[in-house]
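> no sequence for this one, just the structure:
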């Protein structure tokens with residue numbers, strides 16, 4: 001699977017985990033040069049507290065377009081250490 005934004009592959013892995021229709025990529029499969037941590041936090045009742053990255057490609061920024069859970073509940077242990085996307089990031093085979 002590939003995560004693509006602004007015509008650029010920003011993550012690629014054969015081992016994504018799908019939860020609630022989102023592909024969670026292993027953290028080591030993202031191209032870190034395109035990611036910047038933000039201060040945004042949200043909470044999911046069954047997964048835990050999500051942290052966010054903005055994605056920057058060719059000078060364009062997609063704010064809080066990726067998220068991850070540094071700590072997860074027992075129910076969500078399959079996505080610990082993984083990153084998911086939204087806000088126009090497309091997922092393709």
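That came in fine, so what should we check first? These numbers were taken from a predicted model, which means no experiment stands behind them.
> what comes up buried for the helix or strand residue 10 falls within?
Assigned by DSSP states H and E, residue 10 belongs to strand 8-12. Of the residues in strand 8-12, 10-11 count as buried by neighbour count, 16 or more other C-beta atoms under 10 Å. C-beta here means a position set from N, CA and C on the backbone, and glycine is covered the same way.
> ditto for stretch 30-44
With burial defined by 16+ other C-beta under 10 Å, the residues of stretch 30-44 counted as buried are 30, 34-35.
> what about that stretch, distance to the chain center?
Put simply, stretch 30-44 sits 7 Å off its chain's centre (C-alpha atoms, centre = their mean, to the nearest Å).
> what about the closest residue to residue 79 other than its chain neighbours, helix or strand, and which?
Nearest in space to residue 79, with sequence neighbours left out and distances taken as C-beta to C-beta, 6 or more residues apart in numbering, is residue 24 at 4.6 Å. According to DSSP H and E, residue 24 maps onto strand 22-26.
> residues in contact with that strand?
Strand 22-26 has contacts (C-beta atoms under 8 Å, 6 or more residues apart in numbering) with 1, 3, 11-13, 15-18, 78-79, 81-86, 91.
> rerun at 7 Å
Under the criterion C-beta atoms under 7 Å, 6 or more residues apart in numbering, residues 1, 3, 11, 13, 15-17, 79, 81-84, 91 lie in contact with strand 22-26.
> which of the residues you listed scores worst on pLDDT?
Minimum pLDDT for those is recorded at residue 81 (88).
> would you confirm that it contacts residue 30?
No: using C-beta atoms under 7 Å as the test, residue 81 is too far from residue 30 to be in contact (11.1 Å).
> would you list every one of the strands in this protein?
Counting by DSSP state E, the chain has strands at residues 2-5, 8-12, 17-19, 22-26, 35-44, 48-57, 60-68, 82-85, 90-92.
> partners of the first one in the sheet?
In its sheet, strand 2-5 lies beside strand 8-12 (antiparallel), strand 90-92 (antiparallel), with partners assigned from DSSP bridges.
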